[in-house]
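In: how would this look folded up:
(chains A and B)
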Amino acid sequence: EAAVTQSPRNKVTVTGGNVTLSCRQTNSHNYMYWYRQDTGHGLRLIHYSYGAGNLQIGDVPDGYKATRTTQEDFFLLLELASPSQTSLYFCASSATGGGYEQYFGPGTRLTVL
Amino acid sequence: QQQVRQSSQSLTVWEGETAILNCSYENSAFDYFPWYQQFPGEGPALLIAIRSVSDKKEDGRFTIFFNKREKNLSLHIKDSQPGDSATYFCAASGDRGSALGRLHFGAGTQLIVIP
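Out: Purely as a prediction, here's the structure:
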């Protein structure tokens, strides 16, 4: 079965702080995604990647960087965290893009004070 | 700009009733429409999906009705159970070789099934 793990599961930081969210998938999937989930907005795509070293910009990329170091690992970086980035973050993977099933991780709840 | 819209933020039904969740989309180039189900504390998971060449897809108690001309679709949950209480996301994607080749999610509908 598809497996996507995220760490940490919860994180509290202060405004201006540096945060790295980690995601690992063991499905040998090519595509990986970072979403944020907020009430009233659903799931919004931040960045995605279709392979190691590749990065594509999503719908809400401002204030976020991402890096895909290997096929398995995808990181989301907030270098100067702001309260507006308080959210629930999900990582997902899929075999290919578009019309194929995405497998989601359990999420990371980030609070920026 | 919301490319996928879900008409209700929440929906409450009694156990045994049919829950109907509605969704509409903007881009006529979308051709794949999955519904994801999310329980509290978990990530979303694929529930059922339809391609635009079909107008209906059934899987047990869950059925998608799709209207290409009107650019809308609905998820029907027959004989709703308390265990169906969750948030349901409608999504859409198009040609995976283009900029449309990623999922666009709606805002979600929280379904509550009262025993």
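In: Name the residues of chain B found near chain A, please.
Out: Residues of chain B lying close to chain A (CB under 8 Å from any CB of the partner chain) are B:6, B:9, B:31-32, B:34, B:41-46, B:49, B:51, B:89, B:93-97, B:100-103, B:105-108. (Each C-beta comes from the backbone N, C-alpha and C, glycine too.)
In: Look up which residues are beta-bridged to residue 48.
Out: I went with chain A, as the question did not name one. Note on A:Tyr48: beta-bridge partners by DSSP bridges are A:Tyr33, A:Gln56.
In: ah, I was thinking of chain B
Out: Beta-bridge partners, per DSSP bridges, of B:Ile48: B:Trp35.
In: Per-residue confidence at it, what does it come out as?
Out: On pLDDT, B:Ile48 comes in at 97.
In: and it, how many neighbours?
Out: 17 (other CB atoms under 10 Å in any protein chain shown).
In: before we move on, what about B:Ser28?
Out: B:Ser28 sits with 11 neighbouring residues when counted by other CB under 10 Å.
In: wait, isn't it in contact with B:Lys71?
Out: Yes. Counting by CB atoms under 8 Å, B:Ser28 does reach B:Lys71; the two are 6.6 Å apart.
In: Type out the ChimeraX command that picks the buried ones from the residues of chain B next to chain A.
Out: Command for ChimeraX, covering only those of the residues of chain B next to chain A found buried under the criterion 16 or more other CB atoms under 10 Å in any protein chain shown:
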select /B:6,31,32,34,43,44,49,89,93,94,96,100,101,102,103,105,106,107,108
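In: need the contact list for the spatially most central residue of chain A.
Out: With distances taken as CA atoms, centre = their mean, A:Trp34 lies nearest the centre of chain A, 2.7 Å away. Contacts were defined as CB atoms under 8 Å, 6 or more residues apart in numbering or on different chains; by that measure A:Trp34 touches A:21, A:23, A:45-48, A:58, A:64, A:66, A:74, A:76, A:89-91.
In: Would you mind measuring from it to B:Gln3?
Out: If you measure A:Trp34 against B:Gln3 using CB to CB, to the nearest Å, the figure is 19 Å.
In: that older thread, okay, and which of the contacts of A:Trp34 map to helices?
Out: Among the contacts of A:Trp34, DSSP state H puts none in helices.
In: what are the ranges of the strands in chain A?
Out: Taking DSSP state E, the strands of chain A run over residues A:4-7, A:10-13, A:19-25, A:31-38, A:42-49, A:56-57, A:65-68, A:73-78, A:87-94, A:103-104, A:108-112.
In: Could you save those strands as TSV and add columns showing distance to B:Ser80?
Out: As requested, these are exported to TSV (distance: least, CB to CB, whole Å):
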stretch	distance to B:Ser80
strand A:4-7	29
strand A:10-13	32
strand A:19-25	33
strand A:31-38	24
strand A:42-49	22
strand A:56-57	38
strand A:65-68	39
strand A:73-78	36
strand A:87-94	26
strand A:103-104	24
strand A:108-112	29
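In: what's the burial count for B:Thr63?
Out: Burial of B:Thr63 is recorded as 18 neighbouring residues (other CB under 10 Å).
In: host element of the residue lying closest to it once chain neighbours are set aside?
Out: With CB to CB, 6 or more residues apart in numbering or on different chains as the criterion, B:Thr63 has its nearest non-adjacent residue at 4.6 Å, and that residue is B:His76. Using DSSP states H and E, B:His76 maps to strand B:72-77.
In: list the helices and strands that strand packs on?
Out: strand B:19-25, strand B:45-51, strand B:62-67, strand B:86-92 (3 or more CB pairs under 8 Å, 6 or more residues apart in numbering or on different chains; DSSP states H and E).
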